[in-house]
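# This is a predicted model, with the sequence first.
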Amino acid sequence: MHLMKVGPRNLITDVAGLKVGHAQDDALKSGVTVLTADAPFMASVHVMGGAPGTQETDLLDPDKSVEAVDALVLSGGSAFGLDAASGVTAGLRAQGRGFAVGDVRVPIVPAAIIFDLLNGGRKDWGENPYAKLGRTALDNAAQDFALGSVGAGTGATSATYKGGLGSASIILDDGVTVAAIVTANPIGSVVTPEGKFWAAQSEIDAEFGGLGGDPASYGAVRLSLKTDAGEGANTTIAIVATDAKLTKPQAKRMAVAAHDGMARAIVPSHTPMDGDLVFAVSAGDKQGDPLMIGHAAATCLARAIARAIFEATPAENDPQPCFNP
């Protein structure tokens, strides 16, 4: 039997060495979340949505030469939000971080974005605000961080409730830690027609209300969708991480497996109108079972998605209610 228990923070920073920083603009109703560490870490990615928005993700394919990155960026702002990576890159350069090319260092900062431009926030900026938000999020990176309407989850929405930023962790019985962080902004719903979380089967210690599931709802045909959803107007983006030592192909498989958790928590997921994406990070040297690590990554991601919605808080001009008003 493989046992799973929650890490001490129930956050992705239960993976030793990882840090997370948020920055947001409440008037903009958008923000940025950055995952980094004191040293470069190995990463891969898998995209299953039909409308992704990304930067430097090709470098993370197993056949590409880059083995380690300096940070990963999750951002609001649609295509404008990709500029958050520029701010993070500038901040890392100031720290002397980056891939060495002669006497120059080039930070490697893959990024992914959600669409949150129709959420009631002000979008009449003159200068793109996301580079500054990215730099601030990097500066705020720490082991402890908030969930809900913060960082890249500030202006997120779902089919029926306000979206948000969530995280969760698991420690396997062999001592390996697996964890996830997610910005939940799907076209689909995270709750059943009866108002309980699709991810309830994965819940640990009432971390998103202990409401239980609705077995009769599984396979339900009554689906809620965002009424204004268009191509690229949604997207759930996530990072799963472990302190097990994985090869780049194994990290890729971890990202693939983690998408199962997205499908368990969001109905429907991976649609043509979502840019659903999962980064996978290996930031340790423990020995672990890749099969169980993938399973744990899926479980953590499902839980993190539900926590994102459960922890969201109301703000002025919100287009949707919060699950906890």
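Good, I have the coordinates. On a predicted model such as this, the values are computed, not experimentally measured, just so you know.

# Can you show me the strands along this protein?
4-5, 18-25, 30-47, 54-55, 69-75, 99-101, 104-106, 111-113, 164-172, 177-184, 237-244, 277-286 (DSSP state E).

# Return the angle between stretch directions for the longest one and strand 237-244.
Counting by axes from the mean of the first three to the mean of the last three CA atoms, to 10 degrees, strand 30-47 lies at 60 degrees to strand 237-244.

# before we move on, back to that, got the strands of the chain as CSV, with distance to T313 and mean neighbour count columns?
Every C-beta, even on glycine, is put in place using the N, C-alpha and C of the backbone. Shown next, in CSV, are the strands of the chain (distance: least, CB to CB, whole Å; neighbours: other CB atoms under 10 Å):
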stretch, distance to T313, mean neighbour count
strand 4-5, 28, 14
strand 18-25, 12, 23
strand 30-47, 13, 25
strand 54-55, 28, 19
strand 69-75, 19, 29
strand 99-101, 39, 10
strand 104-106, 38, 13
strand 111-113, 22, 30
strand 164-172, 8, 28
strand 177-184, 14, 32
strand 237-244, 20, 29
strand 277-286, 25, 23
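
# Out of the ones you listed, the one nearest A142 is which?
A142 sits nearest to strand 18-25 of all the strands of the chain, at 5.7 Å, using CB to CB.

# what are the bridge partners for the nearest residue to L246 once chain neighbours are set aside, then?
What sits nearest to L246 in space, not counting adjacent residues and going by CB to CB, 6 or more residues apart in numbering, is S282, at 3.9 Å. Per DSSP bridges, the residues bridged to S282 are M42, T242.

# what's near enough to touch S282?
Counting by CB atoms under 8 Å, 6 or more residues apart in numbering, S282 touches 41-43, 241-242, 244-246, 250-251, 254.

# try 6 Å
The contact partners of S282, by CB atoms under 6 Å, 6 or more residues apart in numbering, come to 42, 246, 251.

# Let me know which of the strands of the chain is the nearest to A200.
strand 164-172 (13.6 Å).

# where do the helices sit along this protein?
84-94, 130-139, 248-265, 290-310 (DSSP state H).

# Does anything pack onto the first one? Which helices or strands?
Spelled out, that is helix 84-94. strand 69-75, helix 130-139 (3 or more CB pairs under 6 Å, 6 or more residues apart in numbering; DSSP states H and E).

# do the same with the third one
With contacts defined as 3+ CB pairs under 6 Å, 6+ apart, the secondary structure elements packing on helix 248-265 are strand 30-47, strand 277-286, helix 290-310.

# picking that back up, between the contacts of S282, which sits nearest L59?
The closest of the contacts of S282, once distances to L59 are taken by CB to CB, is M42, at 11.6 Å.

# Let me see the contact set for the closest one.
67-68, 282.

# wait, which of those residues is closest to S158?
S282 (29.9 Å).

# What pLDDT is listed against that closest one?
With respect to pLDDT, S282 scores 98.

# can you check T299 too?
For T299, the predicted pLDDT is 97.

# Contacts only, for it.
Contacts of T299 (CB under 6 Å, 6+ apart): S202.

# now for the helices and strands packed on helix 248-265, which one comes closest to R264?
helix 290-310 (4.5 Å).
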